[in-house]
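J.: structure, please.
(one chain, ligands or ions: 1)
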Amino acid sequence: VNASPVRVGLLGCGNVGGALCELIAAEGAAVAQRTGVHLQVVRVAVRDVGKPRPGIGPGLLTADAASVITDPTVDVVVEVMGGIEPARSLIIDALKAGKPVVTANKELMASAGTDLFAAASGAGVDLLFEASVGGGIPLIRPLRESLAGESIQRVMGIVNGTTNYILTRMTEAGARYDEALAEAQSLGYAEADPTADVEGFDAAAKAAILASIAFGAGVVATDVYREGISTVTAADIAFADRMGYVVKLLAVAELIDAGPTVAVRVHPAMLPKTHPLASVRDSFNAVFIEGAAVGELMLYGRGAGGMPTASAVLGDLIDAAHNLRSGGAGRAPLLGHARIWPMDELRSQYYLNIEVADRPGVLATVAGVFGAHGVSIRSMEQEGLGDEARLVFITHTARERDVQATLAALRELDAVDRVGNLLRVVEAD
Ligand SMILES: NC(=O)c1ccc[n+]([C@@H]2O[C@H](COP(=O)([O-])OP(=O)(O)OC[C@H]3O[C@@H](n4cnc5c(N)ncnc54)[C@H](OP(=O)(O)O)[C@@H]3O)[C@@H](O)[C@H]2O)c1
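T.: Purely as a prediction, here's the structure:
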């Protein structure tokens, strides 16, 4: 064990920062034994220095985050405060000062990753961000290192635990969306304002980071087509179940051509029950990777939570400490320009349902609208609802643009009272 410790400055000490301090206290000696790196937390920036923080010496705390960067005793900076500013400026300042940075900040990496990587390259120091996607699941390092030689075609994941929990409860307990959300909130899986999770913003940020790393192209969160789960109904899920599918919120990044042109989207989808991702239940996450040589891979685990996320941060810290010792840095990702494939061009099978007046001729009219837009129907189910009927369709592979035009035309029909959810259907192999 190298006697001189690597001194860590923390920006933030909440769920993740607090767990990291606990982990270093509990595992530091074993880590030093295994890796030769002895970590010591020497500065901790928080908003409120008066809050009780068990296990953290009050002398370490400061409300002045910039002072952690300039402190000459800090060798490595960990950013776990979240948000764009001041996190972004603090990270740039640390890199410029030659201090490696480890961050868990998906929001920041998904909006300013390219600039931050340039700053890290320019300074010749590490910027590591394993914890920013998939919490404790190793994803970034496998993609960047183990799979560096792969031509990755598609990355498809369940990357938000809150929505996966809600959809699991709707599937397994027959709960309605609002009931499952309330349950997730009472268990601490969902925030009081659940928008970032249930409307897919969190998953979109992660999809952007995964796409950037998998395809070496700068994809930002606003490039990602996004739909959430708040309109998914118990009826959608029951139908999916009868047809051999589960409904999951998927983040999908696909390489369309070597340009690179990249398709990136987050939306609820019907996934065949036989797909490996279909078995990912509760708040677990998993990412399914398809590469030209390696074939199919899946990485599964805890996508959030203080301790799992701190585990990923600690792994990065040890890596950064090694590099600091050897006087080098890992290469920052080289991100070229990505062309984003328009969602309109997606080719998929689709599930959709409409409520219509139950009278002769309606079905033929509806079928005519599909036909006029070149959308062919794979299966149809009809269910009576008093004077009305619900028609549930699964299409053959069609183009998103044509399916959206079909929906718009259906809404114009007198006989159609309501157009329900549209879900993309992942085809079984
Ligand atoms: N929690 C997870 O499961 C998870 C998983 C993956 C990634 N992440 C990411 O990790 C980061 C941290 O998440 P978290 O859950 O640990 O957040 P959190 O519990 O809200 O903690 C944030 C910490 O940062 C401090 N802070 C905020 N603004 C500050 C400022 N301007 N100056 C100094 N300190 C400031 C807060 O101080 P006070 O303690 O005084 O309020 C708090 O200690 C986020 O980027 C998040 O997206 C979290």
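J.: which ones are touching the residue lying closest to residue 99 once chain neighbours are set aside?
T.: Spatially, and ignoring its direct neighbours in sequence, residue 99 is nearest to residue 77 (5.2 Å; Cβ to Cβ, 6 or more residues apart in numbering). No exception for glycine: its C-beta is placed from N, CA and C like everyone else's. Neighbouring residues of residue 77 by Cβ atoms under 8 Å, 6 or more residues apart in numbering: 8-11, 68-69, 90-91, 94, 99-102.
J.: and the residue of this protein closest to the ligand?
T.: Across the chain, the shortest distance to the ligand (Cβ to the nearest ligand atom) belongs to residue 14, at 1.9 Å.
J.: contacting residues for that residue?
T.: The contact partners of residue 14, taken as Cβ under 8 Å, 6+ apart, are 80, 81, 82.
J.: near the ligand too, which of those?
T.: Filtering the contacts of residue 14 for proximity to the ligand by Cβ under 6 Å from any ligand atom leaves 80, 81, 82.
J.: and the last one, which of the three is it?
T.: Just to be clear, that refers to residue 82. coil (DSSP: H, G, I helix; E, B strand; the rest coil).
J.: what about it, how many neighbours?
T.: Around residue 82 there are 18 other residues, counting by other Cβ atoms under 10 Å.
J.: for the second one, same thing?
T.: Residues lying near residue 81 (other Cβ under 10 Å) number 23.
J.: try residue 331
T.: Residues within reach of residue 331, counting by other Cβ under 10 Å, total 12.
J.: again, but for residue 66
T.: Neighbourhood size, residue 66 [other Cβ under 10 Å]: 15.
J.: what do you get for residue 242?
T.: Neighbours of residue 242 (other Cβ under 10 Å): 10.
J.: show the backbone phi and psi for it.
T.: Dihedral pair for residue 242: phi -60, psi -30, per degrees, to the nearest 10.
J.: again, but for residue 106
T.: Dihedral angles for residue 106 - degrees, to the nearest 10 - are phi -70, psi -40.
J.: can you check residue 167 too?
T.: phi -70, psi -30.
J.: check residue 356 too.
T.: Dihedral angles of residue 356 (phi, psi; degrees, to the nearest 10) stand at phi -130, psi 160.
J.: tell me who's in contact with it.
T.: Neighbour list for residue 356: 362, 363, 366, 388, 389, 390, 391, 413, 415, 416, 417 [criterion: Cβ under 8 Å, 6+ apart].
J.: buried subset of those as a PyMOL selection?
T.: Buried members of the contacts of residue 356, defined by 16 or more other Cβ atoms under 10 Å, are picked up in PyMOL with:
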select buried, resi 362+363+366+388+389+390+391+413+415+416
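J.: confirm the residue nearest to residue 99 sits in a strand?
T.: Yes: assessed with three-state DSSP, residue 77 lies in a strand.
J.: who does it bridge with?
T.: Legend: beta-bridge partners of residue 77 under DSSP bridges are residue 9, residue 101.
J.: roughly how far apart are it and residue 139?
T.: As judged by Cβ to Cβ, to the nearest Å, residue 77 and residue 139 stand 22 Å apart.
J.: again, but for residue 347
T.: To residue 139, residue 347 is 27 Å away according to Cβ to Cβ.
J.: so between these two, which is more surrounded?
T.: residue 139 (30 against 9).
J.: my guess is that one contacts residue 299, does it?
T.: Yes: using Cβ atoms under 8 Å, residue 139 makes contact with residue 299 at a distance of 5.9 Å.
J.: between the two, what contacts are shared?
T.: Common neighbours of residue 139 and residue 299 (criterion: Cβ under 8 Å, 6+ apart): residue 287.
J.: please enumerate the helices of the stretch 151-300 of the chain.
T.: Listed in chain order, the helices of the stretch 151-300 of the chain (DSSP state H, counting those that start in this stretch) span residues 161-172, 177-186, 195-198, 201-215, 234-242.
J.: residue 46: which of those is closest?
T.: Closest of the helices of the stretch 151-300 of the chain to residue 46 is helix 195-198, at 22.3 Å (criterion: Cβ to Cβ).
J.: so is that closest one next to the ligand?
T.: No: applying Cβ under 6 Å from any ligand atom, one finds helix 195-198 out of contact with the ligand, separated by at least 9.4 Å.
J.: which stretch of helix or strand covers the residue located most distally from the centre of the chain?
T.: Centroid-distance maximum for the chain: residue 360 at 46.6 Å, with Cα atoms, centre = their mean. Using DSSP states H and E, residue 360 maps to neither a helix nor a strand.
J.: that one and residue 415, how far apart?
T.: Where residue 415 is concerned, residue 360 sits at a distance of 11 Å (Cβ to Cβ).
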